[in-house]
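the sequence and its predicted three-dimensional model are supplied below.
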Amino acid sequence: MADKLNEMIEAYAESREFYRETALMLEWHVQRLIQTFRSRQYKTLISLGVGHTVISKTFIENLASALDHYWIIDGSAAMLAELKNRTTIPANVRLVQDWFEHYRAEEKVDAVEMGFVL
């Protein structure tokens with residue numbers, strides 16, 4: 001089944017219809033999330049899925065330094081590799097290849113973020 005997920009990476013390609021509209025919405029949304037997480041002084045976060053990489057990449061680049069731990073869970077090795085290609089992964093960020101439906105957090109977390117699911 002993970003192979004099937006790896007094949008879905010094309011669903012997030014910039015050449016897809018409405019890619020730019022989706023990216024703009026995600027860019028707006030992630031800024032709102034960052035404001036909320038900072039104001040509530042969250043220290044632990046889980047993202048369920050990488051998707052277009054906009055949310056997780058922006059969290060890594062603009063929020064991870066304020067977090068103790070940030071886990072990014074995705075069933076697709078290809079999606080996790082795409083995220084690694086787009087940004088540097090800090091030491092407090094853990095990429096986990098697993099079905100998020102089966103993933104069990106190592107500890108209680110302040111927030112769980114999830115966008116759209118294919």
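Received the coordinates, thanks.

low-confidence stretches in this structure?
Along the chain, segments meeting pLDDT under 70 span 1-19, 116-118.

scan it for its longest helix.
The longest helix of the chain (DSSP state H) is helix 19-39.

identify all contacting residues around that one.
Helix 19-39 is contacted by residues 12-13, 45, 51-52, 54-55, 58-59, 62-63, 66, 110-111, 113, 115 when judged by CB atoms under 8 Å, 6 or more residues apart in numbering. In short, each C-beta sits where N, CA and C put it, glycine included.

for stretch 93-108, same thing?
With contacts defined as CB under 8 Å, 6+ apart, stretch 93-108 is touched by 2, 44, 46, 48-49, 60, 64, 69-77, 80, 83-84, 89, 114.

narrow the residues you listed to those that are buried.
Buried members of the contacts of stretch 93-108, scored by 16 or more other CB atoms under 10 Å, are 44, 46, 48-49, 60, 64, 69-76, 80, 83, 89.

among these, which are in strands?
Among those, the members falling in strands are 44, 46, 48, 69-74 (criterion: DSSP state E).

now do the SS call for the spatially most central residue of the chain.
The residue lying closest to the centre of the chain (CA atoms, centre = their mean) is residue 56, at 3.3 Å. Of the three states, residue 56 takes helix according to DSSP: H, G, I helix; E, B strand; the rest coil.

wait, it touches residue 48, no?
No - with contact defined as CB atoms under 8 Å, residue 56 does not reach residue 48; the gap is 10.2 Å.

about what we covered before: restrict the longest helix of the chain to CA atoms and write it as CSV.
Extracted in CSV, the C-alpha atoms of helix 19-39 (Å, rounded to 0.1, in the frame of the first residue of the first chain):
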residue,chain,number,x,y,z
TYR,A,19,-1.9,24.1,-7.7
ARG,A,20,-1.3,27.8,-7.2
GLU,A,21,-4.7,28.4,-5.6
THR,A,22,-4.1,25.5,-3.2
ALA,A,23,-0.6,26.8,-2.4
LEU,A,24,-1.9,30.3,-1.7
MET,A,25,-4.5,29.0,0.6
LEU,A,26,-2.0,26.8,2.4
GLU,A,27,0.4,29.7,2.8
TRP,A,28,-2.3,31.8,4.4
HIS,A,29,-3.4,28.9,6.6
VAL,A,30,0.0,28.0,7.9
GLN,A,31,0.6,31.6,9.0
ARG,A,32,-2.6,31.5,11.1
LEU,A,33,-1.5,28.3,12.7
ILE,A,34,1.9,29.6,13.5
GLN,A,35,0.4,32.7,15.2
THR,A,36,-1.9,30.5,17.2
PHE,A,37,0.8,28.0,18.2
ARG,A,38,3.2,30.8,19.3
SER,A,39,0.5,32.7,21.2
